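Q: Model the following, please.
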Amino acid sequence: MTPEQESKCHKIIHTAAAGAGAGNLIPVPGTGVAADIVAMSMMAMSLASVFGGNLTEEVAKGMAVTALKQTMLKQPIKVLTKELSKLIPFLGQVVGPAISVGMIEAAGWALANDMAVKFNRAPISA
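A: A predicted model of the protein is given here:
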């Protein structure tokens, strides 16, 4: 991955994480997962363009769901905490978005590295 591609990925991933965090401000369990999937889908399509690829919306959704599943399986307590915290007024509006941002960041860099390898470029260690 070139420094220019890394910079573009950085902007895309942070923007998606911020969007997912904002979507997780809604204090209803389950809406956070939907916000995460939307953010990851848009992020996957944008990341593919960085590496000269093109993804359809359906493929991007599939990649987003897969990346989130992998992240959730690695961090099940965080996911459960994120969704259950929404039942606690005010606390849930802080905890849920913070956890979501971290999860989207991790999944986004994993996705960017996968795409870098797929398009024959060296991955980075973020």
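
Q: The residue nearest to the spatial centre of the chain in helix, strand or coil?
A: In the chain, the residue lying closest to the centroid (C-alpha atoms, centre = their mean) is residue 104, at 2.7 Å. Under the three-state scheme (DSSP: H, G, I helix; E, B strand; the rest coil), residue 104 adopts helix.

Q: any idea how far it lies from residue 88?
A: 22 Å (C-beta to C-beta, to the nearest Å). The C-beta positions use only the backbone N, C-alpha and C, and glycine is treated the same way.

Q: Kindly report the same for residue 80.
A: Taken as C-beta to C-beta, the span from residue 80 to residue 88 is 13 Å.

Q: which residues touch the closest residue to residue 95 other than its chain neighbours?
A: Spatial nearest neighbour of residue 95, excluding adjacent residues (C-beta to C-beta, 6 or more residues apart in numbering): residue 85 at 4.0 Å. Going by C-beta atoms under 8 Å, 6 or more residues apart in numbering, residue 85 touches 91, 92, 95, 96, 99.

Q: Helices of the protein, residue ranges please.
A: 3-23, 31-50, 57-74, 76-84, 92-118 (DSSP state H).

Q: export the ones you listed to TSV and tack on mean pLDDT?
A: Compiled in TSV, the helices of the chain are given as follows (pLDDT from 0 to 100):
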stretch	mean pLDDT
helix 3-23	93
helix 31-50	86
helix 57-74	76
helix 76-84	73
helix 92-118	85
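
Q: Since that was my last question, I'll sign off now.
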